[in-house]
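Enquirer: fold the stuff below for me.
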Amino acid sequence: MKILLAVDGSEFTKKMLAYLAAHDTLFGSDHSYTIFTVQPSLPPRARSALGKEVVENYYAEESEKVLSPVSKFLARHGIDAKSQWKVGHAGETIAKAAESGKFDMLIMGSHGHGALGNLVMGSVATQVLAKCDVPVLLVR
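Expert: As a prediction, the model looks like this:
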């Protein structure tokens, strides 16, 4: 199975990884894993003031801070995963990556807000569910 792991470096990412480690059917070298994170876009004025190279380096460094610990965790469990990052709106970008990469499943942590919390604050998980045709496993 081709699995996309959407990560943000939060405690919810750690819970998702713990869940995977506890479930052998989802976690094993017989699957293909891609770790994916999304960096929010800097404001246009900041991007133009800093320059393209500085901005790209910033995005790469911030992404590596999120991806590196997850890669190390998976490697400790004998899993060699690919890593990818994009810049954009998290919910929309994750959904597009899952579909364009032809993944069989998307797994991500969720903050677990109720309906009122989603209405007031919005939720990346809610946006992914609304825009993604790939099966999604949310871990809370």
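
Enquirer: and Glu62, what pLDDT?
Expert: With respect to pLDDT, Glu62 has a value of 97.

Enquirer: should've said Gly112
Expert: 55.

Enquirer: kindly report the same for Asn118.
Expert: 51.

Enquirer: and the strands in this protein, which stretches?
Expert: 2-6, 32-39, 82-87, 105-109, 136-139 (DSSP state E).

Enquirer: pipe these into a markdown table and attach mean pLDDT and mean neighbour count per row.
Expert: Any C-beta I mention is one placed from the backbone N, CA and C, and that applies to glycine too. A markdown table is the format used below for the strands of the chain (pLDDT from 0 to 100; neighbours: other Cβ atoms under 10 Å):
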| stretch | mean pLDDT | mean neighbour count |
| --- | --- | --- |
| strand 2-6 | 97 | 22 |
| strand 32-39 | 97 | 22 |
| strand 82-87 | 98 | 16 |
| strand 105-109 | 95 | 22 |
| strand 136-139 | 92 | 17 |
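
Enquirer: dump those to CSV, plus distance to Ala75.
Expert: Below are those laid out as CSV (distance: least, Cβ to Cβ, whole Å):
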stretch, distance to Ala75
strand 2-6, 14
strand 32-39, 11
strand 82-87, 11
strand 105-109, 18
strand 136-139, 20
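
Enquirer: closest one to Val55 among the ones you listed?
Expert: Among the strands of the chain, the nearest to Val55 by Cβ to Cβ is strand 82-87 (8.9 Å).

Enquirer: ok, Gly88 - contacts?
Expert: 38, 40-41 (Cβ atoms under 8 Å, 6 or more residues apart in numbering).

Enquirer: and with 7 Å instead?
Expert: 38, 41 (Cβ atoms under 7 Å, 6 or more residues apart in numbering).

Enquirer: same question for His77.
Expert: Contacts of His77 by Cβ under 7 Å, 6+ apart are Ala21.
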